[in-house]
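> Generate a structure from the sequence data that follows.
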Amino acid sequence: MFSRSHLITTMAALAITATTAIPAFALDRRVRIVNETGYVLVEFYGSNKGSTSWEEDILGPDVLGSGQSVMVNFDDGTGYCKFDFKAIFDDGDVLVRKNINICEIGTYTYN
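Next comes the predicted model:
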């Protein structure tokens, strides 16, 4: 049997742990994508590490000119923090970056 003071101490410790441990699903998955390449970013894809396809073009009908940026919310409900990015530019260049931890960065710059 626990004493009242032991129970209160245990509950306080649990409360501190609960407020300091951030579960993966609660992390901010918004990343500002910045284009500093001198070329127009015409398609952009971001897929979590568990995905087998690139999904849809995040920019849709829009493009991202050099010197511009866009905020992208990568929260797809899976809880993943690691994503692969694929950027296609108007000069035909395709850049693929793998294992980007979107839970740890706030900005990703192409230059």
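> which residues of the protein fall in strands?
When assigned using DSSP state E, the strands of the chain occupy the ranges 30-35, 41-48, 69-73, 82-89, 94-101, 107-110.
> Between those, which one is closest to residue 60.
strand 41-48 (9.4 Å; Cβ to Cβ). To be clear about C-beta, it is placed using only N, CA and C from the backbone, and glycine gets the same treatment.
> Could you name the helices and strands sitting against the closest one?
The contact analysis (3 or more Cβ pairs under 8 Å, 6 or more residues apart in numbering; DSSP states H and E) places strand 41-48 against strand 30-35, strand 82-89.
> Report how many residues lie close to the closest residue to residue 75 other than its chain neighbours.
Distances taken as Cβ to Cβ, 6 or more residues apart in numbering put residue 29 closest to residue 75, at 4.1 Å, once the chain neighbours are dropped. By other Cβ atoms under 10 Å, the residues close to residue 29 number 20.
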